[in-house]
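Student: below are the sequence and a predicted model for it; my questions follow.
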Amino acid sequence: MQQYLKEIHEQNEKFMDKEIELKGWIRNHRKQKEFGFIDFYDGTCFKSIQVVYDNKLKNFDSIQKLKNGSAIQVLGKLIKSVGSGQEYEISATDVVLIGDCPDDYPMQPKRHTREFLREQAYLRPRVNLFQAVFRVRSIAAHAIHTYFQENGYLYVHTPLITKNDGEGAGEMFQVTTLDLDRIAKSGKVDYDKDFYGAKVGLTVTGQLEGETFAMAFNKIYTFGPTFRAENSNTKTHASEFWMIEPEIAFCDINGLMDIEEDMLKFIIKYVLEHAKDEMEFLDKFVENGLIEKLKDVLGKTATRISHKDAIDILQKAETEFEYKPVQGEDIAKEHEKYLTTYFNGPVFLTDWPKDIKAFYMKLNPDNKTVAAVDLLVPGAGELMGGSQREENYDKLIARMDELKMGKEGLDWYINLRKFGGCPHSGFGMGFERLLIYLTGVDNIRDVIPYPRTPRSAEY
């Protein structure tokens, strides 16, 4: 009966001195005249195991020819290791080739650059770095669902194809069945002949639809792919990424910040508990002090400060910023880093100027700012962005008119304020931004399996 490395490592005493069968791959193969060592892994856990064989085996010569990357079956006994570097190992009685691998296999046991590994995205999950990153991705996703499910939230699948640009930034990918070549020649577009009979695109947010469900189920969350046709080649931007977007009825901006902080601490704690080997590897080889950075957040309460006060602090700073902080304007990455260092921990920036925020955010009494909040974390900057939504029908209409927004197709969203509306709030967190923070890997292309960025849609 086949066993898996995960159970071997978790219950090694149970399997000690017993015959076992494993199937997996060769990470490294060190051959000597009378014996050899195979660094074996099967993908069920981060740790590999050493397989030892000698020339007493009848197929010794065949085993010696096995190459790195090959898929094999290992039969043998788990024993206490006589060598250094491992507590136990497998003394092989047979090693059988399942899938051969040529000598030019790209994932040889040496240090590869991340740029090279991106070019081999279909093979990079086999190297230690991405074994760690993508397992943390899986565990963090489970932590997110666990948090919301245990706290009574409904999981909602909002549409990926939609007519509405929820952020109003015009960065939607268009979806069409029309013949683009014919349109290019004629110069005419007849959307009545398109599949949906209208101009539609890939969603930039599930928030608006999420609000409709919050008005029926009280607490909901979405967790799925979103798309932005933003021509940006930074380390933190991708055109396809995953978002977590909770919406909570009868919740104001202060209650929202409580939820954001509670959720973040839950995820950090869950990942540290369930991805110990991966996090230790990332701490050692990617970001020294990563674990302590995350643990430090668990023991602190995030500072809450208004956007205006934050700009005042930045303007008085002795640091020479590349971008000058200005009241009424957005803040840059360098400003976020300074503020988290200044307060020595996470920071909530509240009460943002209305002119740089979305139409649906609740207008504050000063008529200049909105009840919006960004959560900044040490080392990563902005991690979450949210707001109390404008629940007043007339104020929402006035804000849309002020921005000269068309209301066509958004009547259903506006009408939420007419039919039993209530104060409600929500936030969005980019899943890949969270993973950059959790893993220390600083490029979004390295925390998503197949990154979609400008002029890049391989695989």
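Tutor: Looks like it came in fine. Numbers count the residues shown, from 1 in each chain.
Student: quick one: low-confidence residue ranges for this structure.
Tutor: 168-170 (pLDDT under 70).
Student: mind redoing it with 80?
Tutor: For the chain, the stretches with pLDDT under 80 are 83, 166-170.
Student: pull out the buried residues from stretch 105-120.
Tutor: Buried residues in stretch 105-120, counted by 16 or more other Cβ atoms under 10 Å: 107, 117-118. Placement of C-beta: from N, CA and C, glycine included.
Student: let's have those in JSON lines, adding distance to V127.
Tutor: Formatted as JSON lines, these follow (distance: Cβ to Cβ, whole Å):
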{"residue": "M107", "distance to V127": "6"}
{"residue": "L117", "distance to V127": "7"}
{"residue": "R118", "distance to V127": "12"}
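Student: narrow those residues to those in strands?
Tutor: Nothing among these maps onto strands, per DSSP state E.
Student: take the residues you listed and keep only those in helices.
Tutor: 117-118 (DSSP state H).
Student: so which of the buried residues of stretch 105-120 is the closest to L294?
Tutor: Nearest to L294 among these is L117, at 24.5 Å by Cβ to Cβ.
Student: the nearest residue to that closest one once chain neighbours are set aside: neighbouring residues, count only.
Tutor: Among residues not flanking L117 along the chain, R124 sits closest, at 4.3 Å (Cβ to Cβ, 6 or more residues apart in numbering). Around R124 sit 22 other residues, with neighbours defined as other Cβ atoms under 10 Å.
Student: again, but for Y459
Tutor: Y459 has 8 nearby residues by other Cβ under 10 Å.
Student: from what I see, G255 and A249 are in contact.
Tutor: No - using Cβ atoms under 8 Å, G255 is not in contact with A249; the gap is 10.7 Å.
Student: these two - which one has more neighbours?
Tutor: Ranked by neighbour count (other Cβ under 10 Å), G255 and A249 place A249 first, with 22 against 14.
Student: for the closest residue to D54 other than its chain neighbours, grab the count of nearby residues.
Tutor: Leaving aside its chain neighbours, D54 sits nearest to F35 (4.1 Å; criterion: Cβ to Cβ, 6+ apart). For F35, the neighbour count with other Cβ under 10 Å is 15.
Student: can you tell me how far F35 is from G85?
Tutor: Distance, F35 to G85, using Cβ to Cβ, to the nearest Å: 16 Å.
Student: same deal with T205?
Tutor: 49 Å.
Student: between these two, who's got more neighbours?
Tutor: T205 (21 against 7).
Student: around the closest residue to that one other than its chain neighbours, how many other residues sit close by?
Tutor: Take T205 and drop its neighbours on the chain: the residue closest to it by Cβ to Cβ, 6+ apart is G166, 4.0 Å away. Using other Cβ under 10 Å, G166 is surrounded by 25 other residues.
Student: touching, G166 and G201? I think so.
Tutor: No - G166 is beyond contact range of G201, at 10.7 Å (criterion: Cβ under 8 Å).
Student: which phi and psi does D17 have?
Tutor: phi 60, psi 20 (degrees, to the nearest 10).
Student: contacting residues for it?
Tutor: With contact set as Cβ atoms under 8 Å, 6 or more residues apart in numbering, D17 has these partners: 77-79.
Student: show me where the stretch 51-200 of the chain has strands.
Tutor: 71-80, 88-99, 154-155, 161-162, 174-175, 200-202 (DSSP state E, counting those that start in this stretch).
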